[in-house]
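[1] need coordinates for the below:
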Amino acid sequence: MGKSLQIAGFMLLWCLSFQVAAQEDEAFVLKKKISLHLHDQPVARVLEEISRQAGIDLSYDPAVIHTDQVISVDFDDQETCLALEEVLGTRYRFQVFGHQLIITLKDDGPPADGFPDTKSPGVQKISGVLTDARTRETIPFASISFLNRPFGTITNRDGAFELKIPEHYRHDTLVFSCLGYARVMALPDTLAPEAFNLAMQPVAIRLREIKVTAIDPIDILDKLADRIPENYPEESRLMTSFYREVLLQDKSYINVSEAIIQILKAPYGNLFRDDRIRFLKGRKSANVEPFKWVDFKMQGGPYYITKLDVVKTVDSFLDPNYRNFYRFEMDYAVNYVGRPTYVVLFRPEGKIDFPRYEGKLFIDQETYALVHAEFSLGKSGMKFARESLIRKKPKGFNVRPLDLDYQVTYKLHEGRWHLNTAQTSVRFRVRSRKDNINSVFHSISDLLVTSHEPTNIRRFLKDETFMPSDIFTEMIIDYDREFWGNFNTIQPNDDLKKAIKTMNQELEILQEGDLSPSQY
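    Residues are numbered from 1 along each chain as shown. Have a look, this model is predicted:
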């Protein structure tokens with residue numbers, strides 16, 4: 001995002017159809033001979049050495065491998081697959097996809113889709129709905145995670161969730177939390193195996209004993225900037241994440257695309273190293289409803305959503321050099337997930353030719369870390385959105401941005417705050433008098449970091465890195481309910497579930513009649 005508008009790029013195209021599928025032969029990589037002589041090293045370090053010698057990146061969910069376990073290995077001229085079995089045991093499947101060797105837990109059957117399936121009897125699945133104990137309303141975007149562990153998920157817009165728990169987390173404490181509610185803690189084994197309803201007690205979030213009227217918000221922002229080196233990771237981290245793009249045209253779902261991605265998170269102290277994103281596996285719907293004359297595509301979605309980490313990008317409203325372009329004021333202190341937190345409001349001030357935002361900053365009172373931000377592009381910035389976000393459109397079409405809203409959250413782990421979730425919501429009106437078209441497109445992108453760990457990886461290979469110009473929906477395959485195995489995801493809300501169900505029924509009709517979607 002930076003000081004210019006970089007959050008998302010869009011293209012309006014005449015209807016196109018494009019599918020790409022590729023899979024390399026894995027025999028060469030798995031049989032390549034390597035030698036290891038490492039003593040008292042964590043598993044993560046051993047895997048990095050295997051990756052280096054085999055000449056391929058290893059991709060895995062850190063939640064299902066004890067990467068911090070210290071081991072010793074000593075052998076010569078061992079095949080890569082046998083070396084991995086010696087390090088990890090025989091519970092894992094190894095499969096090459098592109099320039100990645102993907103490691104997942106085995107199950108009894110072969111993978112049906114060209115990707116390894118991660119279902120395993122050692123994984124416990126819990127699911128349910130979080131509700132307000134007083135009003136019985138569902139609680140959206142609540143956090144479900146393990147105490148002092150970088151692992152978890154969130155509820156969807158209907159308060160529903162599903163979490164797949166690896167065996168080595170079964171005795172840890174699970175925490176259900178959300179702004180405005182008392183935290184609930186439980187051991188996984190005490191929770192019902194079937195879906196359950198958890199009622200959470202609302203609590204007052206305003207902290208009356210903290211008087212904020214006399215606090216200068218600029219002092220708060222100065223401390224935020226000064227303490228970034230001690231509040232955020234100073235080493236690179238590998239984040240396994242779930243990403244979803246949903247597209248609506250006139251309130252009808254026309255596309256659902258999802259993926260497991262990995263983010264190579266650069267240190268916060270290094271402003272010259274960008275985060276890198278690579279694709280692990282994904283799925284998409286056939287069109288839930290057909291496009292009406294135009295095809296709306298978002299360019300660089302997974303790449304740009306990481307730019308919502310405004311602490312890393314030092315966006316304009318956090319940059320001391322740009323403070324004169326904003327007005328800041330204290331709102332009130334709140335109880336944010338059990339921690340006293342300042343809320344700072346900001347909005348553009350003065351008339352300048354520059355895209356500026358308005359919103360709220362939630363700043364932890366103890367550490368002065370930014371823990372949550374909500375912001376949107378003001379009316380004065382809409383002309384910049386039109387110029388910066390629309391990459392290509394059909395001749396004769398008028399495209400006008402209506403709303404651009406953003407949200408990012410961070411989670412505390414081992415004394416540092418880490419990127420946790422991000423969301424982009426963008427609405428555009430598309431008109432063409434000649435073609436009698438007047439539609440509103442609404443794109444919603446969600447990112448959830450499900451687990452993360454330190455890494456010595458410096459970069460991903462160029463041809464596996466997701467670039468700003470890539471179109472996410474053209475990189476993935478059709479929708480499959482069982483596709484994710486034991487990867488954690490955000491559950492679809494009820495409206496989205498209905499749309500996907502309708503899409504699946506239509507797809508079955510097409511397949512039975514041997515028709516392609518373009519013939520339907």
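
[2] OK, contacts around the closest residue in space to residue 228 that isn't next to it in sequence?
    Closest residue to residue 228 apart from its sequence neighbours, by CB to CB, 6 or more residues apart in numbering: residue 268 at 5.8 Å. Every C-beta, even on glycine, is put in place using the N, C-alpha and C of the backbone. Contact analysis of residue 268 by CB atoms under 8 Å, 6 or more residues apart in numbering lists 228-229, 232-234, 311-312.

[3] and with 7 Å instead?
    By CB atoms under 7 Å, 6 or more residues apart in numbering, the contact set of residue 268 is 228, 232-234, 311-312.

[4] any idea which of those has the most stuff around it?
    residue 312 (24 neighbours; other CB atoms under 10 Å).

[5] please, which helix or strand holds it?
    Element membership for residue 312, per DSSP states H and E: helix 310-313.

[6] which residues does that helix contact?
    1-2, 228, 232, 268, 307, 318, 370, 373, 408.

[7] picking that back up, mind putting the contacts of residue 268 into JSON lines with distance to residue 433 and pLDDT?
    Formatted as JSON lines, the contacts of residue 268 follow (distance: CB to CB, whole Å; pLDDT from 0 to 100):
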{"residue": "228", "distance to residue 433": "50", "pLDDT": "96"}
{"residue": "232", "distance to residue 433": "50", "pLDDT": "97"}
{"residue": "233", "distance to residue 433": "52", "pLDDT": "94"}
{"residue": "234", "distance to residue 433": "56", "pLDDT": "93"}
{"residue": "311", "distance to residue 433": "45", "pLDDT": "95"}
{"residue": "312", "distance to residue 433": "43", "pLDDT": "93"}
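
[8] distance to residue 440 for these - can I get that in a markdown table?
    Shown next, in a markdown table, are these (distance: CB to CB, whole Å):
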| residue | distance to residue 440 |
| --- | --- |
| 228 | 39 |
| 232 | 37 |
| 233 | 39 |
| 234 | 44 |
| 311 | 32 |
| 312 | 32 |
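
[9] list just the nearest of those to residue 51.
    Closest approach to residue 51 among the contacts of residue 268 (CB to CB): residue 233, at 21.3 Å.

[10] separation between that closest one and residue 418?
    Look at residue 233 and residue 418: by CB to CB, to the nearest Å, they are 6 Å apart.

[11] can you tell me the centre-most residue of this protein?
    residue 447 (2.1 Å; CA atoms, centre = their mean).

[12] tell me which helix or strand that one sits in.
    strand 437-454.

[13] roughly how far is that strand from the heart of the chain?
    With CA atoms, centre = their mean, to the nearest Å as the basis, strand 437-454 stands 7 Å off its chain's centre.

[14] now, the contacts of helix 310-313 that are in helices?
    Residues of the contacts of helix 310-313 located in helices (DSSP state H): residue 228.

[15] so which of the contacts of helix 310-313 belong to strands?
    Taking DSSP state E, the ones among the contacts of helix 310-313 that sit in strands are 370, 373, 408.

[16] what's the local residue count around the first one?
    Meaning residue 370. With other CB under 10 Å as criterion, residue 370 counts 25.

[17] how near is it to residue 376?
    Distance, residue 370 to residue 376, using CB to CB: 17 Å.

[18] ok, the residue nearest to the centre of the chain - contacts?
    Contacts of residue 447 by CB under 7 Å, 6+ apart are 241, 243, 305, 421-422.

[19] follow-up on the earlier one: residue 235 versus the residue nearest to residue 228, what's the distance?
    In terms of CB to CB, residue 268 sits 10 Å off from residue 235.

[20] quick check: next helix or strand after the helix or strand bottoming out on mean pLDDT in the chain?
    One helix or strand of the chain scores below all others by mean pLDDT, DSSP states H and E: strand 9-14, with a mean of 46. Going down the chain from strand 9-14, the next helix or strand is helix 27-31, by DSSP H and E.

[21] which strands and helices sit next to that next one?
    Helix 27-31 is packed against helix 80-88, with contacts defined by 3 or more CB pairs under 7 Å, 6 or more residues apart in numbering; DSSP states H and E.

[22] hmm, who's touching the helix it packs on?
    29-32, 34, 36, 43, 46-47, 50, 54, 65, 71, 73, 94.

[23] CA atoms of stretch 395-411 as CSV?
    Output in CSV follows, covering the C-alpha atoms of stretch 395-411 (Å, rounded to 0.1, in the frame of the first residue of the first chain):
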residue,chain,number,x,y,z
LYS,A,395,-14.4,0.6,-24.3
GLY,A,396,-17.5,2.7,-23.5
PHE,A,397,-17.8,1.5,-19.9
ASN,A,398,-17.8,3.8,-16.9
VAL,A,399,-16.4,2.4,-13.7
ARG,A,400,-16.8,4.3,-10.4
PRO,A,401,-15.6,3.1,-7.0
LEU,A,402,-18.3,3.4,-4.3
ASP,A,403,-16.7,2.1,-1.1
LEU,A,404,-13.2,0.9,-0.1
ASP,A,405,-13.0,-0.5,3.4
TYR,A,406,-10.1,-2.3,5.1
GLN,A,407,-9.3,-4.1,8.3
VAL,A,408,-6.2,-5.7,9.8
THR,A,409,-5.6,-7.4,13.2
TYR,A,410,-2.5,-8.7,15.0
LYS,A,411,-2.1,-11.4,17.7
